[in-house]
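Trainee: what follows is a predicted structure for the sequence shown.
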Amino acid sequence: MTKETSIFQVPAEVSKVQSMSNRSIRLQIDTQENITDEEIAKLFAFFEKVGWFTFLPEERKIDAADVLTTPEWKPEFPEEKSPSSRMRGVIYRIWESRGKSGDFNDYYKKQMDKLCEALKEQIN
């Protein structure tokens, strides 16, 4: 995998930060007005892609040289979803088939707690 030497940049702000059950963080990033059609297309092309998030809370742009030392990301499960992603997808489908009642993240946590308790009972 070759390193990208150009960096996609648009003016934006971090508008929401949420902790997730797997010790990851969900960020909501809101771009500023008047981004170009090309920038919008690039953002949509990034959907469900993994990369490095870099944020500089200043008025200057980030130079490619600033991030060329970023380590290459190596997926734990290349070419497939991780087991936890597969489990989340299955739980989502169950929630969806039952009418999407309530918040999915609450439903997911409750189902994972039930699964963990069932697995703990198998110890001993």
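Mentor: Done, it's in. Since the model is a prediction, treat every value here as computed from it, not as a measurement.
Trainee: beta partners of the residue nearest the centre of the chain?
Mentor: Centre of the chain computed as the mean C-alpha position; nearest residue by Cα atoms, centre = their mean is residue 26, 6.2 Å away. Note on residue 26: beta-bridge partners residue 18, judged by DSSP bridges.
Trainee: I'd say it and residue 15 touch.
Mentor: No: counting by Cβ atoms under 8 Å, residue 15 is not a contact partner of residue 26; they are 11.7 Å apart. C-beta: built from backbone N, CA, C; applies to glycine.
Trainee: would you map out the domains in the protein?
Mentor: 12-67, 83-121 (automatic domain parsing).
Trainee: tell me the pLDDT of the residue nearest to the centre of the chain.
Mentor: Here, the pLDDT recorded for residue 26 equals 88.
Trainee: and residue 76, by the same measure?
Mentor: 62.
Trainee: ok but residue 14 is inside a strand, no?
Mentor: Yes: under DSSP: H, G, I helix; E, B strand; the rest coil, residue 14 falls within a strand.
Trainee: do you know how far it is from residue 104?
Mentor: Noted for residue 14: a distance of 22 Å to residue 104, by Cβ to Cβ, to the nearest Å.
Trainee: in the protein, which helix is the longest?
Mentor: Across the chain, the longest stretch assigned as helix under DSSP state H is helix 104-121.
Trainee: quick one, helices of this structure?
Mentor: 37-45, 64-67, 83-97, 104-121.
Trainee: which stretch among the ones you listed comes nearest residue 52?
Mentor: Residue 52 sits nearest to helix 64-67 of all the helices of the chain, at 7.3 Å, using Cβ to Cβ.
Trainee: could you export stretch 105-122 as PDB, CA atoms only?
Mentor: This file holds the C-alpha atoms of stretch 105-122, laid out as PDB (Å, rounded to 0.1, in the frame of the first residue of the first chain):
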ATOM      1  CA  ASN A 105     -26.900   1.600  20.500                       C
ATOM      2  CA  ASP A 106     -29.000   0.900  23.700                       C
ATOM      3  CA  TYR A 107     -30.400  -2.300  22.100                       C
ATOM      4  CA  TYR A 108     -26.900  -3.400  21.000                       C
ATOM      5  CA  LYS A 109     -25.400  -2.900  24.500                       C
ATOM      6  CA  LYS A 110     -28.300  -4.800  26.100                       C
ATOM      7  CA  GLN A 111     -27.800  -7.700  23.700                       C
ATOM      8  CA  MET A 112     -24.100  -7.800  24.200                       C
ATOM      9  CA  ASP A 113     -24.600  -7.800  27.900                       C
ATOM     10  CA  LYS A 114     -26.900 -10.700  27.600                       C
ATOM     11  CA  LEU A 115     -24.500 -12.600  25.400                       C
ATOM     12  CA  CYS A 116     -21.600 -11.900  27.800                       C
ATOM     13  CA  GLU A 117     -23.700 -13.200  30.700                       C
ATOM     14  CA  ALA A 118     -24.600 -16.400  28.800                       C
ATOM     15  CA  LEU A 119     -20.900 -17.000  27.900                       C
ATOM     16  CA  LYS A 120     -19.900 -16.400  31.600                       C
ATOM     17  CA  GLU A 121     -22.300 -19.100  32.600                       C
ATOM     18  CA  GLN A 122     -20.300 -21.600  30.500                       C
END
